[in-house]
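Peer 1: Predicted structure and sequence below. I'll ask about it afterward.
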Amino acid sequence: MDRELPSDLDIDFDLDFDDSVARQAHRYVREVVTGLGLRGDSSFVETDPRAGAYVALDGHLLDFPDHYVALLWDELAGWSAAVEDRRGELVEVARMGAGPRPSPVAVVRWVQGLLRGERAHEQPNRDFAAFVPAPRDVLS
């Protein structure tokens, strides 16, 4: 089903696309991922509408031993740690508090401290109702 384009059709194939923001975000997150000793196969970076990342971590937080933990990055808010609630939703449980783009080494140290049970600088979300098992009907 090959069709020839009309010869009078004027398409500008030289699109002006600057992907430097995307490349910088990927490079920054890759440095954090490799610093944590991860391969990055359970992580992703997005750049639209703004740069952000999700990095699945190996290990668990002491306060949430039965929940998966992830590292989240937002180019405006910086790094946070989140765990999955019983519905599979991510709930932020710690925020790094070192600005939007701290050095990868600082992020790695912060994450290692969290996994050892050290308290975060800020713990903005202490409402853990989502982690309480749903009430069950009693069968008679």
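Peer 2: Right, received. Where do you want to start?
Peer 1: the helices in the protein, which residues?
Peer 2: For the chain, applying DSSP state H gives helices covering 20-35, 104-116.
Peer 1: which non-adjacent residue is nearest Ala56?
Peer 2: Nearest in space to Ala56, with sequence neighbours left out and distances taken as C-beta to C-beta, 6 or more residues apart in numbering, is Ser42 at 3.6 Å. Using the backbone N, CA and C atoms, a C-beta is placed for each residue, glycine as well.
Peer 1: and what of Gly35?
Peer 2: Closest to Gly35 by C-beta to C-beta, 6+ apart is Val108, at 4.0 Å.
Peer 1: That neighbour contacts Val33, doesn't it?
Peer 2: No - the pair Val108 and Val33 fails to qualify as a contact (C-beta atoms under 8 Å) at a distance of 9.6 Å.
Peer 1: ok so, going back, which one of the helices of the chain lies nearest to Ala94?
Peer 2: Among these, the nearest to Ala94 by C-beta to C-beta is helix 104-116 (6.0 Å).
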